[in-house]
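Colleague: Build me a model from this:
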Amino acid sequence: MQNRKKLFILIVILFILITFTIRLVPLRTSHWWDETVYLQNAEIIYSGSESYNEWNFRPPLLSILITGIFYIWHNVFVVSILIALICTLLPIFAYLIGNELYDKKTGIIAAIITAFTPFIVLNSNYIMTDVPAITLASISFYFLIKKNNSNINNLLSGAFLALAILMKFTSLVIIPIYIIYFIINKKRLEKIIYFISGFSVVLMPYLLWVHITQGYFLELFIKSQKMVTDNNENLFYYLKNIANVFTYIVFAGVIAWIIKSRKKRIDIVFISWIIIFILYLSINPHKELRYAIPIILPLSLISARGMGSLINNKNRNYTIPLLSILFLLSFYPSLNNIINEPFIYHTTTDEIEASSYIKNNYNNITIYTHYNYPVFAYYTQLKTLKIDKNNINPGIFIIYNNSEYMELTKDMVIIKKYPQFSIYEYLR
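Modeller: Next comes the predicted model:
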């Protein structure tokens, strides 16, 4: 018995180490638009940089956490470690939720799904808010459904849901799901009050800051929604591409859940979670696959429940090896990160090279561009503004080929040319 316990602990430690490693590797030396925004927002707090910021519509929590880690080590690699650590908590809490609501078997399968689904692993490697937000929401949900339904658990549940919202504003969509949970489980008013208290204590200081700086406490939530109003995909984008987010074995588990699994009341909450998010994302004009990440928790639990129903004492000798093989085939791309990828991915982009050139040759000059402005701002630490065609001031202009801004270059001196853009100097 003691040996089995030691083996279990060893397996858990190994699982956590692998989960963390495939989220950390490769450490990347270059970062793109959204990543540089969060890094740059952190630089504003840490070093007083005034080159560029998007505090007026970006959620604050990730940049605040990055700032805190900068005081330990002011290096972008430590940020990757921070993100990987946060994202490693998702499978742990998927297990805890599955074990609490169903059984250990369901918890283990849900943990495997959330740990090794390739799309989730890929997005856990970026300095982004998508996976950290659902991780915080998962922690919140765990405290909500704990059988020991104490007041402190409800308080913590509300607090972590507020943190999920401060990590990514679209986590607000989870609120109706919690209301459904309260109704289905006939949650006592006292417990709801504790939940709301925890939620308010965390969120209210931010809302107060927004109200003071913006004039209306919901202003940043509204601005954030307006920033992605371009219609880039059709209504059924997520339904057609959802298999690119979650592997086919996950959907096979859902089918098994429909056919074989004994249904529970909590399943209504998870189905509502999936439907509400898909509907919200589908009616939103701007669509990206990573926006669907919040449904990983309910989907993995339902799928795990379905797969678990296929395993019993009579058939476990062949169902467990078969499921193991299917998991390996589905999740091999995630493990490939630590098999074939370098530990540090030394790469650069033309934008980073151009930023280095400008930083080394110019001081106290303003950069004007119409694209990738947070990238240039972060890598130069020079004041960076979006080009205003009606108000051209002296500075460095970065203009991408064949854009409408090419007409401005006739009075400018070209300094350096790259395949997709050129650097111009305008000193009049």
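
Colleague: Any regions of this protein where pLDDT drops low?
Modeller: Along the chain, segments meeting pLDDT under 70 span 1, 217, 220, 223-229, 313, 334-339.

Colleague: at 80 instead, please
Modeller: 1-4, 215-232, 312-341, 428 (pLDDT under 80).

Colleague: where's the most centrally placed residue in the chain relative to Ser171, distance?
Modeller: Geometric centre of the chain, nearest residue: Asp130, 1.5 Å, by C-alpha atoms, centre = their mean. Per C-beta to C-beta, to the nearest Å, Asp130 is found 10 Å from Ser171. Backbone N, C-alpha and C define where each C-beta goes, glycine included.

Colleague: what do those two both touch?
Modeller: Here Asp130 and Ser171 share the contacting residues Pro294, scored by C-beta atoms under 8 Å, 6 or more residues apart in numbering.

Colleague: hey, where'd the helices end up in the stretch 251-400 of the chain?
Modeller: 265-283, 296-309, 316-340, 350-361, 373-380 (DSSP state H, counting those that start in this stretch).

Colleague: residues in contact with the strand or helix carrying Leu39?
Modeller: Leu39 belongs to helix 33-47 when elements are defined using DSSP states H and E. Residues from elsewhere that reach helix 33-47 (C-beta under 8 Å, 6+ apart): 31, 49-55, 58, 60, 62-64, 66-67, 70-71, 74, 76, 79, 126-129, 372, 374-375, 377-379, 381.

Colleague: Show me which positions of that helix end up buried.
Modeller: For helix 33-47, a neighbour-count test (16 or more other C-beta atoms under 10 Å) marks 34-46 as buried.

Colleague: re earlier: kindly give a single ChimeraX line that selects the buried subset of the contacts of helix 33-47.
Modeller: The following ChimeraX line selects those of the contacts of helix 33-47 that are buried, judged by 16+ other C-beta under 10 Å:
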select :31,49,51,52,53,54,55,58,60,62,63,66,67,70,76,79,126,127,128,129,372,374,375,377,378,379,381
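
Colleague: So which of the contacts of helix 33-47 are in helices?
Modeller: Under the assignment DSSP state H, these contribute 62-64, 66-67, 70, 76, 79, 374-375, 377-379 to helices.

Colleague: from these, which is closest to Asn3?
Modeller: Val79 (40.4 Å; C-beta to C-beta).

Colleague: Surely that closest one and Ile69 touch.
Modeller: Yes - in this structure, Val79 is within contact of Ile69 by C-beta atoms under 8 Å, at 6.3 Å.

Colleague: now the helix or strand hosting Ile13 against helix 316-340, angle please.
Modeller: Per DSSP H and E, Ile13 falls inside helix 2-24. Here the directions of helix 2-24 and helix 316-340 differ by 40 degrees (axes from the mean of the first three to the mean of the last three C-alpha atoms, to 10 degrees).

Colleague: and the helix or strand following helix 2-24, what does it pack onto?
Modeller: Per DSSP H and E, the first helix or strand lying C-terminal to helix 2-24 is strand 27-28. Applying 3 or more C-beta pairs under 8 Å, 6 or more residues apart in numbering; DSSP states H and E, one finds that strand 27-28 contacts helix 76-101, strand 344-345.

Colleague: Swap in 7 Å and give it another go.
Modeller: With contacts taken as 3 or more C-beta pairs under 7 Å, 6 or more residues apart in numbering; DSSP states H and E, strand 27-28 sits against strand 344-345.

Colleague: Need the residues that contact the strand it packs on.
Modeller: Residues external to strand 344-345 that are found in contact with it (C-beta atoms under 7 Å, 6 or more residues apart in numbering): Pro26, Leu27, Arg28, Thr29.

Colleague: Could you do stretch 347-354 as well?
Modeller: With C-beta under 7 Å, 6+ apart, stretch 347-354 has contacts from Thr29, Ser30, Asn372, Val375, Phe376, Tyr379, Ile398, Lys416, Tyr418, Pro419, Gln420, Ile423.
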